[in-house]
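Q: test case, fold it:
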Amino acid sequence: MGEACIRVHRVRAAVSLVGEVGEIGRGTEAARRHLLEELLRLLGAVIGAAVHDTSYGLGLKAGIAEATLTGFDRQLLDVFQAHHTRGSDFNPFHGAVMRRLGGVPGEVLTGTNGDLVAGRDWDASVWINDYVRPARIDHFVGTLRKMGEATCHGCGFMRAAGDRPFSEEDREVLHLVHLGIGRLFEAPSPRARLAPRVREALDVLLSGATDKEIAAQLGIGLHTARQYVKAILLAHGVASRSQLLARAAERRL
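A: Residues are numbered from 1 along each chain as shown. Here you go, the predicted model:
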């Protein structure tokens with residue numbers, strides 16, 4: 001997966017797309033949809049998908065927590081569903097990434113099936129023969145950012161069967177765009193990570209209530225209220241009520 005020279009007009013298109021995504025709102029559904037639609041054009045692809053995969057590892061399955069798709073009809077959705085239910089390594093490109101490249105959190109990895117998978121192995125893949133080729137598509141270029149041990153944000157594109165494979169320049173255009181955009185999906189807010197009952201305690205706490213007042217208003221024991229407050233402070237990365245209230249005053253919660 002060496003570097004390739006990118007023509008000036010394609011660099012400009014990539015930089016422009018990164019700016020447009022930023023204006024729409026990085027990590028949002030609207031931004032991802034615009035990203036995919038423009039990359040279909042830039043890469044000459046017919047389908048594209050952006051996914052938040054929480055089971056990105058050999059033998060792990062059904063980990064796609066969020067996905068944005070473009071260009072998919074009913075038969076092509078079967079291609080994506082097989083990728084999800086059988087695990088990302090059912091796609092031989094991703095299996096090769098997992099086996100050979102690994103990756104550390106924050107690193108962006110981009111490649112084509114030709115970079116990573118021998119032609120005979122690609123052609124012999126069950127995913128290719130039973131799902132991809134019957135849907136009249138072929139070739140793959142993908143990019144992913146490792147977010148954790150088995151979590152990644154990534155997107156992949158495929159062309160029509162009979163079209164030319166993705167080139168080194170196509171790969172580098174996609175890599176440049178992903179580097180510029182960073183996260184494809186919004187990180188869950190601290191509030192969203194809290195259990196519903198703890199979120200209720202947060203709302204009461206933000207009114208300036210003490211632990212005893214939280215317990216009384218929610219009808220829970222004082223010990224439970226204190227545990228909820230600890231969970232709230234930990235989730236927001238603060239050490240005290242005063243820090244939490246200061247963030248709230250700055251509208252950063």
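Q: quick one: the strands in this protein, in order.
A: Applying DSSP state E to the chain gives strands spanning 47-53, 64-70, 108-112, 137-148, 151-160.
Q: let's have those in CSV, adding mean neighbour count and mean pLDDT.
A: For the C-beta atoms, the positions are set from N, CA and C on the backbone; glycine is no exception. Compiled in CSV, the strands of the chain are given as follows (neighbours: other Cβ atoms under 10 Å; pLDDT from 0 to 100):
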stretch, mean neighbour count, mean pLDDT
strand 47-53, 24, 96
strand 64-70, 17, 93
strand 108-112, 21, 94
strand 137-148, 22, 93
strand 151-160, 23, 95
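Q: out of those, nearest to Ala239?
A: Smallest distance to Ala239 across the strands of the chain (Cβ to Cβ): 24.6 Å, for strand 137-148.
Q: how about the strands of the chain, which one is nearest Leu179?
A: strand 108-112 (5.6 Å).
Q: tell me how far Glu168 lies from Cys5.
A: Distance, Glu168 to Cys5, using Cβ to Cβ, to the nearest Å: 8 Å.
Q: so these two - more neighbours on which side?
A: Glu168 (17 against 8; other Cβ atoms under 10 Å).
Q: would you agree the more buried one is in contact with Ala4?
A: Yes - using Cβ atoms under 8 Å, Glu168 makes contact with Ala4 at a distance of 3.4 Å.
Q: just give the nearest non-adjacent residue to Ala96, would you?
A: Leu116 (3.9 Å; Cβ to Cβ, 6 or more residues apart in numbering).
Q: might one say that the one you found is in contact with Met98?
A: No - counting by Cβ under 8 Å, Leu116 stays clear of Met98, with 10.4 Å between them.
Q: so between the two, which is more surrounded?
A: Neighbour count, other Cβ under 10 Å: between Leu116 and Met98, Leu116 has more, with 22 against 19.
Q: quick check: that one vs Val141, distance?
A: 11 Å.
Q: outline the domain layout of the chain.
A: 8-181, 196-249 (automatic domain parsing).
Q: next, format the ones you listed as TSV and append distance to Ser189.
A: Converted to TSV, these look like this (distance: least, Cβ to Cβ, whole Å):
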stretch	distance to Ser189
domain 8-181	11
domain 196-249	9
